[in-house]
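>>> Quick one, what's the 3D model for this:
(one chain, ligands or ions: 1)
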Amino acid sequence: MVSFKQRNIISIRHFNKEELLYILDLASRMDHMDHTDMLKGKVLASLFFEPSTRTRLSFESAMKRLGGMVIGFAEPGGTSTAKGESLSDSAKIIEGYCDIIVLRHYLEGSAQLAADVVKIPVINAGDGANQHPTQTFLDLYTIQKTKGTLEGITIGFLGDLKYGRTVHSLAYALAYFGAEMYFISPPSLRLPADFLETLKDRKVKCHENESLMGISKRLDVIYCTRIQKERFADPIEFEKVRGIYRLSKTMLEEFGIKDGLKVLHPLPRVDEMDDSLDATDFAVYFHQARNGIPIRKALLAAVLGAVE
Ligand code: CP
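Numbers count the residues shown, from 1 in each chain. Got it, this is the predicted structure:
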């Protein structure tokens, strides 16, 4: 039997296919369930050491919609981190003030580190370039809702596949569903070799390309990503790839698309996706962002034991 009660949500690798589908089903059932007392008396600590709009606000909104309370911060400058307090000490202190921690941090492995020192559940809201598991749940939910199935899709990941943590998590999850994957990036932003090897070991058909040309016609889903400027050690390396892709309606018309194509993007976008796409049938990224609410309601309710 699937149970998320008191579990940490650190990496999508910790969940099997049945568990992924359980959360998607629960999210669907909870989508229009608002203003309940399901999490009355529970406190979420929302700890964001890196900027966020969607993840932080949808977690906080989800908690409040289920009757819970939220404490926390949107940037660490006003906390004792600025005086040199370690993440581990901060987590041990904050554990005494809440029932669950949602953590975004620039260091890979930070969510696991926090989970290792506290007894309450920790949800990873993005740790460096590593993982963003709750984004993956909402990406899967969006694909399932808009394509009608998760099974056997062909997906093209476009952009920054090296630092894009949402790509790392989603590719791993889609391997459960027999996806064929195209990884389209400049050579310097290719998917890290260990991720690619893991996918190949799991019998995923993987292809690496530098352009969408000749490929877009095969794709059920394009997952476009921002080049993660903040993760480059050398600004000159960023300048070499800045603006390298600009997905637009004209480009897709010119290259050709498969019927029913859907374009996802975890957002925010900068210059990699033209707003000419917004009014097309394939643009689903604003729905995708909105799906953060049902997914995060489902995860909070399941982890805090409010649903079985
Ligand atoms: N998709 C995503 O993680 O967005 P934010 O950085 O705004 O949370």
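>>> residue closest to the middle of this structure?
residue 135 (2.2 Å; Cα atoms, centre = their mean).
>>> Over to it: give its phi and psi.
Here the main-chain torsion angles of residue 135 (degrees, to the nearest 10) amount to phi -60, psi -40.
>>> OK, contacts around the closest residue in space to it that isn't next to it in sequence?
Of all residues not flanking residue 135 in the chain, residue 166 sits nearest, at 4.8 Å (Cβ to Cβ, 6 or more residues apart in numbering). From N, CA and C alone the C-beta is placed, and that goes for glycine too. The neighbours of residue 166, taking Cβ atoms under 8 Å, 6 or more residues apart in numbering as the test, are 132, 135-136, 139, 223, 225, 266.
>>> So which of these wins on neighbours?
In terms of neighbours by other Cβ atoms under 10 Å, the contacts of residue 166 top out with residue 223 at 29 neighbours.
>>> Please, which helix or strand holds residue 169?
Taking DSSP states H and E as the criterion, residue 169 maps to helix 165-174.
>>> average pLDDT across that helix?
Mean pLDDT, computed over helix 165-174, is 95.
>>> I'd say residue 10 and residue 124 touch.
Yes. Using Cβ atoms under 8 Å, residue 10 makes contact with residue 124 at a distance of 4.9 Å.
>>> Mind checking if the helix holding residue 169 is in reach of the ligand?
No. Using Cβ under 6 Å from any ligand atom, helix 165-174 stays clear of the ligand, with a minimum separation of 6.6 Å.
>>> Counting by contacts, list what the helix or strand just after that helix packs against.
For helix 165-174, the following helix or strand on the C-terminal side (DSSP H and E) is strand 180-184. Secondary-structure packing of strand 180-184 (3 or more Cβ pairs under 8 Å, 6 or more residues apart in numbering; DSSP states H and E): strand 154-158, strand 205-209.
>>> hey, which of those is tucked in deepest?
When the helices and strands packed on strand 180-184 are scored by mean count of other Cβ atoms under 10 Å, the highest mean neighbour count falls to strand 154-158 (a mean of 23).
>>> can you give me the angle that one makes with strand 205-209?
30 degrees (axes from the mean of the first three to the mean of the last three Cα atoms, to 10 degrees).
>>> Report the rounded mean pLDDT for strand 154-158.
The average pLDDT within strand 154-158 is 98.
>>> before we move on, what about stretch 275-284?
The pLDDT scores in stretch 275-284 average 95.
>>> how far does it stretch from start to finish?
Across stretch 275-284, the terminal residues are separated by 12 Å (Cα to Cα, to the nearest Å).
>>> what do you get for stretch 270-277?
Span of stretch 270-277 from end to end, Cα to Cα: 14 Å.
>>> Can you name the residues that contact residue 131?
Residue 131 sits in contact with 10-13, 111, 124, 165, 168-169, where contact means Cβ under 8 Å, 6+ apart.
>>> Which strand residues bridge it?
Under DSSP bridges, the beta-bridge partners of residue 131 are residue 127.
>>> quick revisit: angle of the helix holding residue 169 against strand 154-158?
Taking the same axes, to 10 degrees, one finds that helix 165-174 is oriented at 160 degrees with respect to strand 154-158.
>>> between helix 165-174 and strand 180-184, how big is the angle?
Using the same axes, to 10 degrees: helix 165-174 against strand 180-184 is 160 degrees.
>>> Please write out the alpha-carbon positions of helix 165-174 in PDB.
The C-alpha trace of helix 165-174 is given here as PDB (Å, rounded to 0.1, in the frame of the first residue of the first chain):
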ATOM      1  CA  ARG A 165      17.200  20.600 -12.200                       C
ATOM      2  CA  THR A 166      13.600  20.300 -13.500                       C
ATOM      3  CA  VAL A 167      14.900  18.400 -16.500                       C
ATOM      4  CA  HIS A 168      17.000  16.000 -14.300                       C
ATOM      5  CA  SER A 169      13.900  15.100 -12.200                       C
ATOM      6  CA  LEU A 170      11.400  14.900 -15.000                       C
ATOM      7  CA  ALA A 171      13.500  12.700 -17.300                       C
ATOM      8  CA  TYR A 172      14.000  10.200 -14.500                       C
ATOM      9  CA  ALA A 173      10.300  10.100 -13.800                       C
ATOM     10  CA  LEU A 174       9.200   9.700 -17.400                       C
END
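>>> which parts of it are buried?
Neighbour-count burial for helix 165-174, with 16 or more other Cβ atoms under 10 Å as criterion, is recorded at 165-174.
>>> Quick check: pLDDT value at residue 68.
98.
>>> how about it, what does it touch?
Taking Cβ under 8 Å, 6+ apart as the criterion, residue 68 is in contact with 39-44, 300, 304.
>>> Just the ones of these in strands?
43-44 (DSSP state E).
>>> Any regions of this structure where pLDDT drops low?
Along the chain, no part satisfies pLDDT under 70.
>>> Near the ligand, which residues of it are found?
So the chain meets the ligand at 52-55, 126, 135, 266-268 (Cβ under 6 Å from any ligand atom).
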